[in-house]
Each structure stands twice: as structure tokens, then as C-alpha cells.
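1. turn this into a model:
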Amino acid sequence: MRTKAFACLLGVSLFLTALSAYGQDQQVPKVAPRPANTLVMLPDGSTVHVELAKTEAERNFGLMERTSLPQGRGMLFIHEQPGHYGYWMYDCKIGLDIIWMDQNHRIVEMSPNTPPCKGKSNTCPSYGGHEASVYVLELPVGSIKAHQLAVGQTVNFNVE
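-> Coordinates of the predicted model:
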């Protein structure tokens, strides 16, 4: 009898915890800014200084909380293996151009003028992830158009 009562209380407690968490925003651990010391060459010959996001924590935090991203700067996300990686704009203060690339650095998908999400984490849409990729490059809004980027082009960079 005691076991059933305890199990019932435990179930109610877990339900209330889940219900409470549903209305709250997801907490993403902050990551210290990284130096933009990796150079990426776009197909038109332009170069971009990028920060690398190699760990799960770095990829999850990305460019959150940034209030600006100057032209010629960006962030390169590196995944361990090819996959369908959708990105969201939760807690981003600026719009971005997002470019997905395969293991050969070939552009497989793009999301120009991706808007920041001003709502709670559970209301933010996901972008991309329709094609298998390993690398994702985030650039200032307008970069895709300015550099005439297109699916099938190759972006040059070395990461270790």
C-alpha cells in the first residue's frame, strides 16, 4: 500500500515538474567568445574571419546574445559526422545568413536573411537541415546575396 502511494506521489511530482518546465525557456549554457582567427575563402575570392564552434556547447550557444556581426566576420560550426542539422535563432539579437556545407565544403543548402527569434525557445522555428552537412557557416545578413553564393559552390577553409 505504501509503495503504491509513493509511486502515485512520485508520478504527480514528475508531472507537475514537467508541466512547470513546459512554460519555461530552455537554458543554454553560455560559452566564452572565441577568437575569429580562422580564415574562410568564399567562392568569389572574399575572405571571412570566423570563430569556430567545435564542441556541442559551442554549437548550442553559437552567436546568441550578439548585438552585431561585422561584415567579414562569421562563425563556422563543425559537426563530427554528416547529418541533417537544423538551426534555430533562439536568443539571437541579429538576423543571419546561414550556409550548410558537406564534408567537401560544397554548399548544399542556404537560409538567407534568417530572422532572430524574439519568443520563447519552444516557439522558435528551425531552419535548414534538409540536406546532409558537416559544416554550417553563419554570416551577416546580406552576405549570400553580396557574394553571389549558390548551392553547389565550394567554400575553402582548413580546420584542425
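
2. CA atoms for contacts and neighbours, from now on please.
-> Noted.

3. surely Ile144 touches Ile107?
-> No: here Ile144 does not reach Ile107: they are 11.3 Å apart, not a contact under CA atoms under 8 Å.

4. tell me which of these two has more neighbours.
-> Ile107 (23 against 19; other CA atoms under 10 Å).

5. list the residues that contact the more buried one.
-> Contact analysis of Ile107 by CA atoms under 8 Å, 6 or more residues apart in numbering lists 99-101, 150-155.

6. going by distance to Thr114, which of those wins?
-> Taking CA to CA as the measure, Thr114 lies nearest Ile99 of these, at 10.7 Å.

7. helix, strand, or coil at that closest one?
-> Assigned by DSSP: H, G, I helix; E, B strand; the rest coil, the conformation of Ile99 is strand.

8. make a PyMOL selection of the buried ones in the contacts of Ile107.
-> To isolate the buried members of those in PyMOL, using 16 or more other CA atoms under 10 Å:
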select buried, resi 99+100+101+150+153+154+155
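
9. and the residue nearest the centre of the chain, what are its bridge partners?
-> Geometric centre of the chain, nearest residue: Tyr87, 4.4 Å, by CA atoms, centre = their mean. Assessed by DSSP bridges, Tyr87 has beta-bridge partners Tyr127.

10. so it touches Cys124, yeah?
-> No: under the contact definition of CA under 8 Å, Tyr87 does not touch Cys124, with a separation of 9.9 Å.

11. picking that back up, what do Ile144 and Ile107 both touch?
-> Counting by CA under 8 Å, 6+ apart, the common neighbours of Ile144 and Ile107 are Ala150.

12. distance check, Asp91 against Val141.
-> As for Asp91, its distance to Val141 is 17 Å (criterion: CA to CA, to the nearest Å).

13. list the buried residues of stretch 134-146.
-> For stretch 134-146, burial by neighbour count (16+ other CA under 10 Å) applies to 134-141, 143-144.

14. and the furthest pair within those?
-> Every pair of the buried residues of stretch 134-146 checked by CA to CA; the farthest is Val134 and Val141, at 21.7 Å.

15. ok, back up a step: so of the buried residues of stretch 134-146, which ones are in strands?
-> Secondary structure of these is defined by DSSP state E; positions in strands are 134-140.

16. name the nearest residue to Glu131, sequence neighbours excluded.
-> Ranked by CA to CA, 6 or more residues apart in numbering and with sequence neighbours excluded, the top spatial neighbour of Glu131 is His84, at 5.8 Å.
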